[in-house]
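**Q** here's my sequence, what's the structure:
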Amino acid sequence: MYNPQLVLYEEDQQRIAEACHRLVRDANARAVFLVDKDGQLILTAGDHHGLDTASVASLTAGTFAATAGLARLLGEREFPQLFHEGERESIQLSLVGKRWILVVIFDDRTTPGLVRLRVRKIGEELARVAEVMQQRAPLEGVSIFSNITDQDIDNLFGDL
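**A** Coordinates of the predicted model:
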């Protein structure tokens, strides 16, 4: 079940960051972004200077949403991999788990095949992190604050 209330703990963030930095290095990419399907930027790695990271994140999510519509028109469930080749730079977009999009920006210092190979490996690792996060998340419709009592609030703010 998809749960929008995932909480990113420090150890999750560290595992995600290490994986994304390793992807930049191993694929010889310019930059890597991890984006939520809702367009929220989760993490950047590599050289993202000169890029509007918020726009990259929201346009990535929009691209995936539009492509999902095309996939359904063609009788496909989704297209989990997208590749766009430019004159100077290219971009690989890959669905990770059910909610994240891995964005790799690269140039002619590497090849699309190497990027795809490295993305597959790191994508599996990131999907495992997402699965752990999903398993410890509250059930859909249940607030993460539902276990807080009035006594907890009084204890927290009692001295104010």
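
**Q** can you tell me how far V35 is from L82?
**A** 13 Å (Cβ to Cβ, to the nearest Å). In short, each C-beta sits where N, CA and C put it, glycine included.

**Q** neighbour-wise, which of the two wins?
**A** V35 (26 against 16; other Cβ atoms under 10 Å).

**Q** am I right that that one is in a helix?
**A** No: according to DSSP: H, G, I helix; E, B strand; the rest coil, V35 belongs to no helix; its state is strand.

**Q** how far is the strand or helix carrying A57 from where the chain is centred?
**A** Element membership of A57, judged by DSSP states H and E, is helix 53-73. Relative to the chain's own centre, helix 53-73 is displaced by 13 Å; criterion: Cα atoms, centre = their mean, to the nearest Å.

**Q** so what secondary structure elements neighbour it?
**A** strand 31-36, strand 41-46, strand 81-85, strand 90-96, strand 100-106 (3 or more Cβ pairs under 8 Å, 6 or more residues apart in numbering; DSSP states H and E).

**Q** tell me what angle that helix forms with strand 100-106.
**A** Helix 53-73 and strand 100-106 are oriented at 110 degrees to each other (axes from the mean of the first three to the mean of the last three Cα atoms, to 10 degrees).

**Q** which residues touch helix 53-73?
**A** Outside helix 53-73, the residues that touch it by Cβ atoms under 8 Å, 6 or more residues apart in numbering are 33, 35-41, 44, 48, 77-79, 82, 93, 95, 101, 103.

**Q** ok, now stretch 99-119?
**A** When contacts are defined by Cβ under 8 Å, 6+ apart, stretch 99-119 is touched by residues 2, 6, 23, 26-37, 42, 46, 51, 56, 60-61, 64, 81, 83, 85, 88-96, 122-123, 126, 130.
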